[in-house]
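Participant: how does the following fold in three dimensions:
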Amino acid sequence: MAEGLDLWIERDVRVPMRDGITLSADIYRPRTPGRYPAIVVRTPYIKTTKEIHQNGTHYASHGYAVVCMDVRGRGDSDGEFVPYRNEAADGYDSIEWAAAQPWCTGDVGTMGGSYLGRIQWLTALTQPPHLKTMICSVSPSDPFVEWPTGVPTPHHLCWLYMTSGRVMQNVDVVDWESIYWHLPLATMDELTGRRLTAWKEEMEHPYLDDWWKEICYQTRFDQIDLPVLHISGWYDDEQVGTPLNYMGMTQRAASEQARRNQKLLMGPWPHQINASSKLGELDFGPDSVIDLKGYQLRWFDYWLKGVENGIMQEPPVRLFVMGENKWRDEQEWPLARTNWTKYYLHSLGRANSRFGDGWLSPQPPHAAGVEEAGWDQFLYDPRDPVPFITEATSSQIGGPDDYSVIEQRDDVLVYTTEPLTEDVEVTGPIKMELFASSSATDTDFTVKLLDVWENGFAQRLTDGMVRARFREGLENPSLIEPGNIYRYEVDCWNTSHVFLKGHSIRVEVSSSAFPKYDRNLNTGAPLGQTEKMLVAEQTVYHDPEYPSAILLPVIAR
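Facilitator: Below is the predicted model:
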């Protein structure tokens with residue numbers, strides 16, 4: 001047992017699971033004898049990292065026993081790592097073990113981000129008696145919510161590689177940009193040099209079947225009776241899960257008390273929340289980085305120690321409004337005062353590229369008396385997909401990047417408002433109603449919302465996609481009839497952003513965003529199994545009968 005900072009640190013404590021496997025935990029406690037509330041942190045990213053150690057010492061120095069644990073099959077823990085499949089039961093056993101220790105009061109909270117966030121939700125479904133609260137950061141959603149494609153995203157392969165074996169694998173020694181181009185997807189893992197069984201298994205389930213439903217939680221909030229602090233960032237590549245979870249718990253949690261005791265915190269952050277005020281080329285200002293550990297400590301002090309520190313008297317929603325770069329408190333999400341406003345697509349028949357004739361307006365097609373074509377066309381060739389600006393590894397997928405160069409492509413339809421005469425705030429979920437046809441029996445349509453600065457910088461805010469065969473849901477795949485017009489709803493996630501006076505609102509429509517999503521090969525063949533590709537002729541409609549529009553949550557200024 002090591003000591004320091006007035007703490008006891010006990011390494012590699014073996015924690016028994018119900019099947020006889022033992023998991024390894026490092027335990028941080030105040031040196032003063034006594035019983036303390038416990039915080040359980042379970043990770044596949046190795047419990048001896050600097051970040052985990054800093055969290056352990058921080059909360060232990062404030063009167064908590066912190067249990068930092070390698071999940072099954074990772075680090076010093078026994079067993080085999082199978083992503084998510086053992087986490088519910090192991091989480092339950094870990095919490096109840098901690099509660100029974102002589103140094104614990106019996107009150108237990110959990111915390112962590114990304115994988116560590118989602119496994120808290122899976123554990124909460126098992127209803128551990130001593131679990132009192134959770135802090136869930138950048139939580140991944142259920143299967144296919146973030147990648148509605150039926151198959152894992154290329155970047156997911158990088159994550160599987162990184163977490164294969166017992167240690168963290170060095171992703172920088174792999175040429176990911178080349179691997180992502182490999183077809184068929186089902187054998188992409190073989191190029192990494194490591195055996196990645198999970199990739200093969202996931203490829204065998206190309207729609208939302210019972211195999212996937214075993215690790216779903218977002219349809220089951222009525223089984224969770226806990227106060228939860230939800231944290232994410234507008235540029236978190238798994239952002240969509242956090243607002244969905246907040247809404248799910250405030251509307252459907254198991255008790256009225258739980259429904260009332262949820263908090264949502266959204267910053268201008270990527271997946272690595274609160275690390276820097278700068279992201280890409282943008283600096284969101286010194287106020288964008290906050291005392292997050294202090295805020296989380298107040299949450300635990302209230303729910304695990306009963307300290308009346310006023311945190312639950314504060315508004316439940318705290319947002320960073322980009323553009324004006326200010327924090328703001330709100331009472332709900334989405335905001336009750338939202339003016340849901342449709343911005344319609346228009347063109348003279350050639351919205352191809354930012355040099356085309358597309359425009360965006362709250363006026364419906366033909367309402368202004370301007371002669372319009374009512375449709376635009378482009379060719380989608382999966383051999384030459386539209387690039388999505390991102391790092392090659394899975395550490396962060398996309399940011400506030402400048403798409404002005406990519407918008408020079410003819411397979412990107414561009415619709416832009418006139419320069420704004422006043423500031424326009426958009427805060428809330430973004431959805432696109434798109435009417436389109438294709439020459440293919442299956443294809444993709446992608447949508448992106450951007451802020452075009454006066455100097456031409458085209459800042460990505462958020463985006464989404466739909467795979468045609470899943471237009472009626474991931475449980476009900478069906479191919480489309482070539483040439484038929486279909487209505488597609490594209491979930492573009494969420495944002496909070498002020499389009500400043502002189503800027504313009506822009507929407508891009510295309511059929512690929514590679515390598516954020518795999519390329520649809522346009523053949524209608526079983527997903528991930530073939531190499532054959534077809535060029536698809538795509539038509540996007542925007543006439544009175546088929547008024548394609550993006551629905552923006554406009555907030556009065």
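
Participant: identify the bridge partners of residue 13.
Facilitator: residue 25 (DSSP bridges).

Participant: residue 7 now?
Facilitator: Beta bridges link residue 7 to residue 4, residue 30 when assigned by DSSP bridges.

Participant: that one against residue 60, yeah?
Facilitator: Yes: counting by Cβ atoms under 8 Å, residue 60 is a contact partner of residue 7 at 5.0 Å. Every C-beta, even on glycine, is put in place using the N, C-alpha and C of the backbone.

Participant: common neighbours of those two, please.
Facilitator: Shared contacts of residue 7 and residue 60 (Cβ atoms under 8 Å, 6 or more residues apart in numbering): 28, 29, 30.

Participant: got a pLDDT number for the first one?
Facilitator: The predicted local distance difference test score for residue 28 is 98.

Participant: can you tell me the SS state at it?
Facilitator: strand (DSSP: H, G, I helix; E, B strand; the rest coil).

Participant: what sits against it?
Facilitator: 7, 8, 9, 56, 57, 59, 60, 65, 66, 68.

Participant: next: the second one.
Facilitator: By Cβ under 8 Å, 6+ apart, the residues touching residue 29 are 7, 8, 9, 10, 36, 60, 65, 66, 103.

Participant: residues contacting the closest residue in space to residue 224 that isn't next to it in sequence?
Facilitator: Leaving aside its chain neighbours, residue 224 sits nearest to residue 124 (4.7 Å; criterion: Cβ to Cβ, 6 or more residues apart in numbering). Neighbour list for residue 124: 131, 134, 217, 224, 226 [criterion: Cβ under 8 Å, 6+ apart].

Participant: picking that back up, of residue 7 and residue 60, which one has the most company?
Facilitator: residue 60 (23 against 17; other Cβ atoms under 10 Å).

Participant: any idea how far residue 255 is from that one?
Facilitator: Counting by Cβ to Cβ, to the nearest Å, the gap from residue 60 to residue 255 is 31 Å.

Participant: just residue 204 next, same as before
Facilitator: 39 Å.

Participant: same deal with residue 237?
Facilitator: From residue 237 over to residue 255 (counting by Cβ to Cβ), the distance is 33 Å.

Participant: quick one: which of the two has more around it?
Facilitator: Neighbours of residue 237 and residue 255, each counted by other Cβ under 10 Å, are more numerous for residue 237; the result is 24 against 12.

Participant: now secondary structure and distance to residue 263 too, for the contacts of residue 29, in a markdown table please.
Facilitator: Shown next, in a markdown table, are the contacts of residue 29 (DSSP: H, G, I helix; E, B strand; the rest coil; distance: Cβ to Cβ, whole Å):
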| residue | secondary structure | distance to residue 263 |
| --- | --- | --- |
| 7 | strand | 29 |
| 8 | strand | 32 |
| 9 | strand | 30 |
| 10 | strand | 32 |
| 36 | strand | 23 |
| 60 | helix | 24 |
| 65 | strand | 24 |
| 66 | strand | 21 |
| 103 | coil | 28 |
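
Participant: quick check, nearest of these to residue 391?
Facilitator: residue 66 (31.1 Å; Cβ to Cβ).

Participant: count of residues packed around that closest one?
Facilitator: Neighbourhood size, residue 66 [other Cβ under 10 Å]: 28.

Participant: beta partners of it?
Facilitator: For residue 66, the beta-bridge partners are residue 28, residue 39 (DSSP bridges).

Participant: my read: it touches residue 25, true?
Facilitator: No: in this structure residue 66 lies outside contact range of residue 25 using Cβ under 8 Å: 9.6 Å.

Participant: quick one, helices of the stretch 1-150 of the chain?
Facilitator: Using DSSP state H, counting those that start in this stretch, the helices of the stretch 1-150 of the chain run over 50-60, 87-99, 115-124.

Participant: same list, those helices, but as JSON lines with distance to residue 486 and mean pLDDT please.
Facilitator: Supplementary listing: the helices of the stretch 1-150 of the chain in JSON lines, determined by distance: least, Cβ to Cβ, whole Å; pLDDT from 0 to 100:
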{"stretch": "helix 50-60", "distance to residue 486": "46", "mean pLDDT": "96"}
{"stretch": "helix 87-99", "distance to residue 486": "38", "mean pLDDT": "98"}
{"stretch": "helix 115-124", "distance to residue 486": "32", "mean pLDDT": "98"}
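
Participant: of all these, which one comes closest to residue 150?
Facilitator: Nearest to residue 150 among the helices of the stretch 1-150 of the chain is helix 115-124 (19.9 Å), distances taken as Cβ to Cβ.

Participant: and the pLDDT for residue 5?
Facilitator: According to the model, residue 5 carries a pLDDT of 62.

Participant: can you give the domain ranges for the protein?
Facilitator: The chain resolves into domains spanning 1-136, 339-555 when parsed by automatic domain parsing.

Participant: any chance of those domains in JSON lines, with distance to residue 329 too?
Facilitator: Below are these laid out as JSON lines (distance: least, Cβ to Cβ, whole Å):
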{"stretch": "domain 1-136", "distance to residue 329": "19"}
{"stretch": "domain 339-555", "distance to residue 329": "12"}
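
Participant: and residue 199, which of the three is it?
Facilitator: Classification of residue 199 using three-state DSSP returns helix.

Participant: now do the contacts for it.
Facilitator: Applying Cβ under 8 Å, 6+ apart, the residues contacting residue 199 are 152, 156, 157, 160, 188, 189.

Participant: touching the helix or strand containing the third one from outside, list them.
Facilitator: When elements are assigned from DSSP states H and E, residue 157 belongs to helix 154-162. Among residues not part of helix 154-162, those counted as contacts by Cβ under 8 Å, 6+ apart are 83, 147, 168-169, 171, 174, 176, 179-180, 188-189, 192, 194, 196, 198-199, 202, 390, 392-394, 397, 514-518.
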